[in-house]
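Okay, predicted coordinates and the sequence, questions at the end:
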Amino acid sequence: MHGEGADSAGRPVDEHCVARLDLRDIPHHFEIRQTFVLISMALVGIPALMIWVSMTTPCLLHDHPVGK
């Protein structure tokens with residue numbers, strides 16, 4: 001079916017029956033630019049900061065009443 005020196009997927013194997021690295025097995029390399037990183041951090045960080053502030057502000061205001 002696959003000839004000698006190949007595994008069940010048809011990839012070449014070495015003398016120890018270990019599949020050799022093939023270009024089909026290497027994932028695509030992506031370049032991540034600084035702009036993408038900054039926008040991603042802002043999109044995650046700003047809502048997280050807003051949630052943190054909305055949870056901590058009532059506790060701070062409750063401990064220090066303003067109107068009394």
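Arrived safely.

Pop out the phi and psi values for Ile32.
phi -110, psi 120 (degrees, to the nearest 10).

Helices of this protein, start to end?
Taking DSSP state H as the test, the helices found in the chain are 34-63.

can you pull the pLDDT of Leu49?
Here, the pLDDT recorded for Leu49 equals 95.

what about it, how many residues close to it?
10 (other Cβ atoms under 10 Å). (Each C-beta comes from the backbone N, C-alpha and C, glycine too.)

And it, how far from Pro27?
According to Cβ to Cβ, to the nearest Å, Leu49 and Pro27 sit 33 Å apart.

next one: Gln34
Taking Cβ to Cβ, one finds Gln34 at 22 Å from Pro27.

what's the answer for Ile46, then?
31 Å.

And the protein, what are its domain boundaries?
Annotated domains of the chain cover 1-28, 31-63 [automatic domain parsing].

for the record, mean pLDDT for the first one?
When you say that, I think you mean domain 1-28. pLDDT averaged over domain 1-28 gives 64.

do the same with stretch 58-68
For stretch 58-68, mean pLDDT rounds to 63.

hang on, the earlier thing: give me the more crowded residue out of Ile46 and Pro27.
Ile46 (10 against 5).
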